[in-house]
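> From the sequence below, what's the structure:
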Amino acid sequence: DKLKHETHSIDVAHWYERCYKYWERSETTVNGVLDGYQSLSESDIASSKTFLTNLQERYPNFGSSKACDCGAGIGRITKGILLPEFDSVDLVEQAEHLIKEAHSYLRHPSNVNFICVGLQDLYLVPSSYDLIWIQWVIGYFIDADFVRFLKKCRQGLNENGLIVIKDNCCSVESPEDDDFVEHSKSAFVVDDDDSSITRSTAYLKGLFERAGLSLLAVERERSSDFPKSIFPVYFFVVK
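Numbering: from 1, shown residues only. Predicted structure coming up:
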């Protein structure tokens, strides 16, 4: 049981402390929150906007009242994707200097609620959200906390709400996608520098099942601007 093994082999408090300290040192810029990959931001936002538009077309009852941006940094996703589509956004970020910058980056909008807390400790009001967007942050959860967080997200959705997760995976969804043969057999890869875990698509699907979520769609990020030196990026839609 990888979930149980991971939980017992990691000093949980130390794990999250290392994550926090890593991002506490980051610059309050797009380059800082993307860990040096500022060049990806424009194409990332563009592909995510297209993905969201396709979701809205596929699910006509999908609402546009309230979204949640999880692990938001300075608000890059809120600004580029969520605010143009939703009446209000809850922006969640644990690093105080990043959330302080988010106020300025977003020009102090009245329809954004800034929440400074780690996602493992986040409380989501039940039945509140049309969309919960979780990007490039799930690697900082240990499995047990990620499953608990997903259960809270499920409860936080309204009747027609959706959860979108966009993140790197250490293996690919189908063999024809495999540009990363050296990692394609790995269930997960741990990065000790920032205390993060990159999981395979199959591993993530198992965690979704543990959280009682249904997987509605999986799609690989296809932008040519994403270098082949990084793990492939996937969108997952669950509820």
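> how about the strands in this protein?
For the chain, the strands defined by DSSP state E occupy 66-70, 88-92, 112-115, 129-135, 157-168, 188-191, 196-199, 215-220, 233-238.
> per-stretch mean pLDDT over these, give me the minimum one.
When the strands of the chain are compared by mean pLDDT, strand 188-191 comes last with a mean of 88.
> picking up where we left off before, nearest to residue 51, of the strands of the chain?
With Cβ to Cβ as the criterion, residue 51 lies closest to strand 233-238 of the strands of the chain, at 5.6 Å. For every residue, glycine as well, the C-beta is placed using N, CA and C.
> show me the contacts for the residue lying closest to residue 167 once chain neighbours are set aside.
Once flanking residues are discounted, residue 167 sits nearest to residue 138: 5.4 Å by Cβ to Cβ, 6 or more residues apart in numbering. Neighbour list for residue 138: 146, 165, 167, 199 [criterion: Cβ atoms under 8 Å, 6 or more residues apart in numbering].
> show me what contacts the third one?
If I follow you right, that is residue 167. The contact partners of residue 167, taken as Cβ under 8 Å, 6+ apart, are 134-139, 233-234.
> and the gap between it and residue 144?
As judged by Cβ to Cβ, to the nearest Å, residue 167 and residue 144 stand 18 Å apart.
> The last one too?
Separation of residue 199 from residue 144 (Cβ to Cβ) stands at 14 Å.
> out of those two, which sits in the busier spot?
The neighbour count for residue 199 versus residue 144, taken as other Cβ atoms under 10 Å, is higher for residue 199 (26 against 18).
> got the contact list for the closest residue to the more buried one other than its chain neighbours?
Closest residue to residue 199 apart from its sequence neighbours, by Cβ to Cβ, 6+ apart: residue 188 at 4.7 Å. Listed by Cβ under 8 Å, 6+ apart, the contact partners of residue 188 are 2, 170, 197-200, 203.
> now do residue 234
So residue 234 contacts 166-169, 173, 201, 218-221 (Cβ under 8 Å, 6+ apart).
> distance of it from residue 142?
20 Å.
> got it, and residue 155?
Residue 155 is 20 Å from residue 142, by Cβ to Cβ.
> Comparing those two, which shows the higher neighbour count?
residue 142 (19 against 13).
> What part of this structure, helix or strand, is modelled with the least confidence?
Sorting the helices and strands of the chain by mean pLDDT, DSSP states H and E puts helix 2-9 at the bottom, at a mean of 47.
> Show me where this structure has its helices.
Applying DSSP state H to the chain gives helices spanning 2-9, 12-24, 30-33, 41-58, 76-77, 96-105, 143-156, 201-210.
> among those, which gets the worst mean confidence?
The weakest mean pLDDT among the helices of the chain belongs to helix 2-9, with a mean of 47.
> Tell me the gap between stretch 187-200 and the middle of its chain.
Chain-centre distance of stretch 187-200: 15 Å, with Cα atoms, centre = their mean, to the nearest Å.
> for it, which positions count as buried?
Buried positions in stretch 187-200, judged by neighbour count with 16 or more other Cβ atoms under 10 Å: 188-189, 195-200.
> Next: stretch 208-215.
So for stretch 208-215, counting by 16+ other Cβ under 10 Å, buried means 208, 210-211, 213.
> what's the answer for stretch 114-126, then?
Quick answer for stretch 114-126 (16+ other Cβ under 10 Å): 114-115, 118-120, 122, 124.
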